[in-house]
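J.: Let's see this in three dimensions:
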Amino acid sequence: MTGESGCVIWFTGLSGAGKSTLAEALGGYMRSLGHKVELLDGDIVRKVFPQTGFSKKDRDEHVRRMGYLASILERNGVAVIASFISPYRESRDFVRSLCRNFVEVYVSTSLSECEKRDVKGLYRRARAGEISSFTGIDDPYEAPLRPEITIDTAGEEVGKSLERLINNLESLNILE
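T.: Numbering: from 1, shown residues only. Just a heads-up that it's a prediction; the model follows:
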């Protein structure tokens, strides 16, 4: 990140893909370099705004609101690391349009790998019909068409994925 300019590094992918893990690791790394960093994570934010639903309209609105917040922080010189499933291209494109320095990171881990990880049991519950509108099961995930960075975390240690992510961000002049 050159000087005190902010940026928005937006992680998108299925539940269990590794977005939050990578986002947290990147946040720690950037803080160690002296950057002002704010992490916006879907699970944490939904605890603050529990009334946000999961319909397409609700998800779009949620992503747009978080994108607006990210753009404000970016304008104030903060490196925003956002980790949201954000399943719809149109919503992510809207966030991109708000930001001056936006990097989309597609965590492209496959549905089958995410289901194997299923730490919270959400895929199991969605497959059993206990959860509806679950991304990847009965609600679509629209993969980015041209993300700046694509990372597949399957079979890779977090440190190796982080190293590849940092190298990509350096080549984009986001990190110095």
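J.: following the lowest-mean-pLDDT helix or strand in the chain, which helix or strand comes up?
T.: In the chain, the helix or strand scored least confidently by mean pLDDT, DSSP states H and E is helix 42-48, which has a mean of 69. Remark: after helix 42-48, the chain's next helix or strand is helix 56-75, criterion DSSP states H and E.
J.: Need the contact partners of that next one.
T.: 6-8, 10, 38, 40, 45, 49, 52-53, 80, 82, 84, 86-88, 90-92, 94-95, 98-101, 133, 139 (Cβ atoms under 8 Å, 6 or more residues apart in numbering). No exception for glycine: its C-beta is placed from N, CA and C like everyone else's.
J.: Quick one: mark the members of these that sit in strands.
T.: C7, V8, W10, E38, L40, V80, A82 (DSSP state E).
J.: Which one of these sits in the busiest neighbourhood?
T.: W10 (30 neighbours; other Cβ atoms under 10 Å).
J.: how close does that residue sit to D152?
T.: Taking Cβ to Cβ, to the nearest Å as the measure, W10 falls 17 Å from D152.
J.: Same question for E115.
T.: Applying Cβ to Cβ to E115 and D152 gives a distance of 15 Å.
J.: what about the helices in the chain?
T.: Using DSSP state H, the helices of the chain run over 19-32, 42-48, 56-75, 89-98, 111-117, 122-127, 158-171.
J.: which intervals of this structure have sub-threshold pLDDT?
T.: 1-4, 46-54 (pLDDT under 70).
J.: Need the outlier residue of it, farthest from its centre.
T.: Largest separation from the mean C-alpha position in the chain: A128, at 26.5 Å (Cα atoms, centre = their mean).
J.: got a list of what that one touches?
T.: Neighbours of A128 in contact, by Cβ under 8 Å, 6+ apart: none.
J.: now do 10 Å
T.: Taking Cβ atoms under 10 Å, 6 or more residues apart in numbering as the contact definition, A128 lies against G121.
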